[in-house]
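[1] The sequence and its predicted three-dimensional model are supplied below.
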Amino acid sequence: MTVSPHWILLAAGKTEQEALLSFIQKADVIPQKKTEWSRFMMKMWMKYPVMYVEDGTSARLVPGKTAYAYSLTPDENAMFQEIEQYIAADMGKASVKQSPDS
């Protein structure tokens, strides 16, 4: 969590990764952006792996083995922000549609 404000996307398990990639493919953006975001996320999951480690009665997320320091480049940070802003806006639209006051 302290490595990146985008840790929630990096810590995604296989099921969550597949769901995020599916969400991206359904996004209301141009096809090139969908491809860019999908490739970026797959690259980040490979570059910055995260492991779920159980310690008896507790569990934690820890950085996996990688040749890279867990420090996002400015370009990586910007791309994460772009994806997260889209997700937040899309979720905001969905909650407005579901609101009984709409």
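    Perfect, I can see it now.
[2] Quick check: next helix or strand after the least confident helix or strand in the chain by mean pLDDT?
    Between all helices and strands in the chain, the lowest mean by mean pLDDT, DSSP states H and E belongs to strand 58-63, at a mean of 66. Where DSSP states H and E defines the elements, the next helix or strand beyond strand 58-63 is helix 74-98.
[3] How far off centre is that next one?
    10 Å (CA atoms, centre = their mean, to the nearest Å).
[4] Point out the other elements, helices or strands, that that helix touches.
    helix 7-10, helix 31-47 (3 or more CB pairs under 8 Å, 6 or more residues apart in numbering; DSSP states H and E). For the C-beta atoms, the positions are set from N, CA and C on the backbone; glycine is no exception.
[5] quick one: contacts for D55?
    D55 sits next to no residue when contact means CB atoms under 8 Å, 6 or more residues apart in numbering.
[6] mind starting the numbering at 435 from now?
    Done: numbering now begins at 435, and the last item shifts to D489.
[7] Let me know the pLDDT of it.
    We note a pLDDT of 82 for D489 in this prediction.
[8] Phi and psi next, for it.
    phi -120, psi 80 (degrees, to the nearest 10).
[9] distance of it from P483?
    19 Å (CB to CB, to the nearest Å).
[10] For the host helix or strand of E450, C-alpha coordinates in PDB please.
    Element membership for E450 (DSSP H and E) is helix 448-459. Extracted C-alpha coordinates of helix 448-459, given in PDB (Å, rounded to 0.1, in the frame of the first residue of the first chain):
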ATOM      1  CA  LYS A 448      -6.400 -13.600 -11.400                       C
ATOM      2  CA  THR A 449     -10.200 -13.300 -11.100                       C
ATOM      3  CA  GLU A 450     -10.000  -9.500 -10.500                       C
ATOM      4  CA  GLN A 451      -7.500  -9.100 -13.300                       C
ATOM      5  CA  GLU A 452      -9.800 -10.800 -15.700                       C
ATOM      6  CA  ALA A 453     -12.700  -8.700 -14.500                       C
ATOM      7  CA  LEU A 454     -10.700  -5.500 -15.000                       C
ATOM      8  CA  LEU A 455      -9.700  -6.500 -18.500                       C
ATOM      9  CA  SER A 456     -13.300  -7.300 -19.300                       C
ATOM     10  CA  PHE A 457     -14.400  -4.000 -17.900                       C
ATOM     11  CA  ILE A 458     -11.800  -2.200 -20.000                       C
ATOM     12  CA  GLN A 459     -13.000  -4.000 -23.200                       C
END
